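*Asks:* When you get a sec, could you give me coordinates for this:
(chains A and B)
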Amino acid sequence: MSIILVQVIVGGLLLGAVYALFSSGLTLVWGMMNIVNFAHGDFVMLGMYVAYVVYTLLGAGPLLGAPLAALVLATFGVIVYFLLIRDIMKGPMLAQILGTFGLALLLRYSVFWFFGANFLSLPENIVGGTYEVMGLRLQASRLLAGGVALLVTLGLHVLLTRTSLGSKMLAVAEDSTAAQLMGIRPDTMQAIAWAIAAGATGIAGALIATFFYIVPTVGETLGIVAFVTVSLGGFGSVPGALMAGLLIGVIESLSGYLIGAVYKDIVVYSLFLGFLWFRPQGLMGRM
Amino acid sequence: MRRLLWPSVVLALLVAYPLLFATPFQQRLGALVLLYAIAASAWNIVGGYAGQVSVGHVVFFGCGAYAAMGAYSHFGLSPLVGIPAGIVASVAIAAVIGVPTLRLSGHYFSMATIAVAELCRLVVTNTDYLGAGVGLSGPTVPRNVFDLSFISALPYYYLFLAVLTITLLITWWMTNSRMGFYLRAIRDSERAARSLGAPASRTKLYAFMLSAGLTSVAGALYAMMFGFVDPESGLGILISVKMLIMAALGGAGLLFGPLVGAAILVPLEEISNNLLGGKGAGLTFVAYGAIIVLIARFQPGGILTLINRLWAKRRKAPVAATASGASHAP
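*Replies:* Predicted coordinates:
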């Protein structure tokens, strides 16, 4: 295998870790409440803009940008839960889809109106330079993004499976009435799930902003990436999202290298449709 | 006969509109309202009556638009010739993507349709035959009346009114047929409908194909009025979103819902674009987003459902008032 191919695969894995991080948020909300957040990609977009604002105002990189973006987005997630999601969850299907879809438009075009449609970016050297390891050239920003994303995703998995908070959330997901009888407040648990999900998109957005173009419509593509990841990894499964995220990162990067950059989205979308049509339960998950 | 009262009043008002509001801006606005009402009414068959929220209807819209412009730019024919071609192509595409996609329910169906639409946009953007990123143009100077290229919006207005009337008649006929009853049963509970013997898959597919054919006509008319189509105006996801919002705002699953929604949102968009210029485009969609969120949160049935409810209350209220009045009478 040529060194360039290895380089492309490693690059794909690093990007895939970030995909896994924000998709974990989507899969958590989806698995717990059976509601799809069509605005999920736009949450990531907000995270990117928070990182951009932090850089322009304070001159700080992702070390400050990521925690701040997590905080802002988590707060926003809780607000969205109490003002919108809690009510539309009980409503008809049309209301559920319209609600988060409208939210996506609202976010996308508020940012568009405020920042304009221009492509923004953070300075290339905001996180160190480029390292050479065993002949592979690795950008520090991508290494940092991939590494942190991997750690946070694993942390999320530990939180959900090894702590009492995680057990409570699982209890609400299984049967919210029964959980309520055990003294667990479904409202609080679901609000926490939204805070975690949105916080994860904030971190992912701030990380990806160090090497990705920042534009209001980027949420559309990233949202579809998250849908693909979740449908591939199974609904509600964080390890599934991790595996699927890494896989999609590699597939995207390989198809960009082998077929051409314009076709990589086509490959990802086709993959998504293929899975929805022929294997809707995902690679390892259950419906 | 009473049930024909409101439709005839609406039709009379629509016929009279361009005579009462005769400036070019007002006529153009009227034509656009009707055009979007056609598209949203076509969406309503699948999204409203059958309850399958498609976000990919722009594929059929684009198919009609590209067929009309393609007939002119590739074959030198009138864009009119493209209409039947667009319908046939759309119905065929609907059948092909409908079979696997309609098996998915709820959110999954919506997501799959988004992916189909984006996939089509990306493929067309990279296809030179379809003009790639630039798109296809219609006749700049009309050769004869069949090119349907007019400077005034008035001919378009009456053309669109005729097509809208036909669309609504088809929808009305469908809702009163066996298929309409099946669709409503499927929307309320697909499992219950199936267990009572309604052929759910087949009915949904027929509705999808019917809706696709009508949507492609709207796309063709759009391209004729604007004289060109490109991936953004013909296949952008926002076109699907507009159909969906207009139907939902007016009342999804109601015959006149999409028309009411279009009559509110199209003027809003045109006026804000006129007042704010290019900057207005962003703000318009901020308003769109806010409106959808508010409908979803407070009035998922749309404006017509709200009006119907208030109307029913008012009709009941006077009766109650007379009853209480009578009891107080000496």
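*Asks:* Helices of the stretch 51-200 of chain A, start to end?
*Replies:* For the stretch 51-200 of chain A, the helices defined by DSSP state H, counting those that start in this stretch cover A:62-80, A:86-88, A:93-115, A:140-162, A:164-174, A:176-181, A:186-208.
*Asks:* Point me to the residue of the stretch 151-287 of chain A nearest chain B.
*Replies:* Proximity to chain B, evaluated over the stretch 151-287 of chain A using Cβ to the nearest Cβ, is greatest for A:W277 at 3.9 Å. (Glycine included, C-beta is placed from N, CA and C.)
*Asks:* List the residues that contact that residue.
*Replies:* Residues near A:W277 by Cβ atoms under 8 Å, 6 or more residues apart in numbering or on different chains: B:P100, B:T101, B:R103, B:A112.
*Asks:* how close does the residue in the stretch 101-250 of chain B that chain A sits nearest to sit to B:G56?
*Replies:* Nearest to chain A, among the residues of the stretch 101-250 of chain B, is B:H107, at 4.1 Å (Cβ to the nearest Cβ). Note on B:H107: its distance to B:G56, by Cβ to Cβ, to the nearest Å, is 14 Å.
*Asks:* These two: who's more crowded?
*Replies:* Shown here are B:H107 and B:G56; by other Cβ atoms under 10 Å in any protein chain shown, B:G56 has more neighbours (25 against 20).
*Asks:* ok, and the closest non-adjacent residue to the more buried one?
*Replies:* B:T113 (3.1 Å; Cβ to Cβ, 6 or more residues apart in numbering or on different chains).
*Asks:* So which elements touch the helix or strand containing the one you found?
*Replies:* Assigned by DSSP states H and E, B:T113 belongs to helix B:107-125. When contacts are defined as 3 or more Cβ pairs under 8 Å, 6 or more residues apart in numbering or on different chains; DSSP states H and E, helix B:107-125 sits against helix A:93-115, helix A:218-233, helix A:264-278, helix B:58-75, helix B:79-101, helix B:231-235, helix B:237-250.
*Asks:* Which residues are in contact with the residue lying closest to B:P79 once chain neighbours are set aside?
*Replies:* Counting by Cβ to Cβ, 6+ apart, B:P79 lies nearest to B:A68, which is 4.0 Å off, once chain neighbours are set aside. Contacts for B:A68 (Cβ under 8 Å, 6+ apart) come out as B:P79, B:L80, B:G82, B:I83, B:G86, B:G138, B:G219, B:A220, B:A223, B:M224, B:V229.
*Asks:* Any idea which of those the model trusts least?
*Replies:* Of all the contacts of B:A68, B:G138 has the smallest pLDDT value, namely 80.
*Asks:* which residue sits closest to that one, ignoring its sequence neighbours?
*Replies:* B:G227 (4.5 Å).
*Asks:* How many residues are close by that neighbour?
*Replies:* B:G227 has 15 nearby residues by other Cβ under 10 Å.
*Asks:* any idea which helix or strand of chain A has the worst average confidence?
*Replies:* strand A:130-133 (a mean of 78; mean pLDDT, DSSP states H and E).
*Asks:* what helices or strands is it leaning on?
*Replies:* strand A:136-139, helix A:140-162.
*Asks:* neighbouring contacts of the longest one?
*Replies:* Residues outside helix A:140-162 that contact it (Cβ under 8 Å, 6+ apart) are A:11, A:13-18, A:20-21, A:24, A:28, A:62, A:66, A:124, A:126-131, A:165-166, A:169-170, A:196, A:200, A:203-204, A:207-208, A:210-211, A:238-239, A:241-242, A:245.
*Asks:* how big is the angle separating that helix from helix A:164-174?
*Replies:* 70 degrees (axes from the mean of the first three to the mean of the last three Cα atoms, to 10 degrees).
*Asks:* ChimeraX command to pick out the buried ones of the contacts of helix A:140-162?
*Replies:* To isolate the buried subset of these in ChimeraX, counting by 16 or more other Cβ atoms under 10 Å in any protein chain shown, use the following:
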select /A:11,13,14,15,16,17,18,20,21,24,28,62,66,126,127,169,170,196,200,203,204,207,208,210,211,238,239,241,242,245
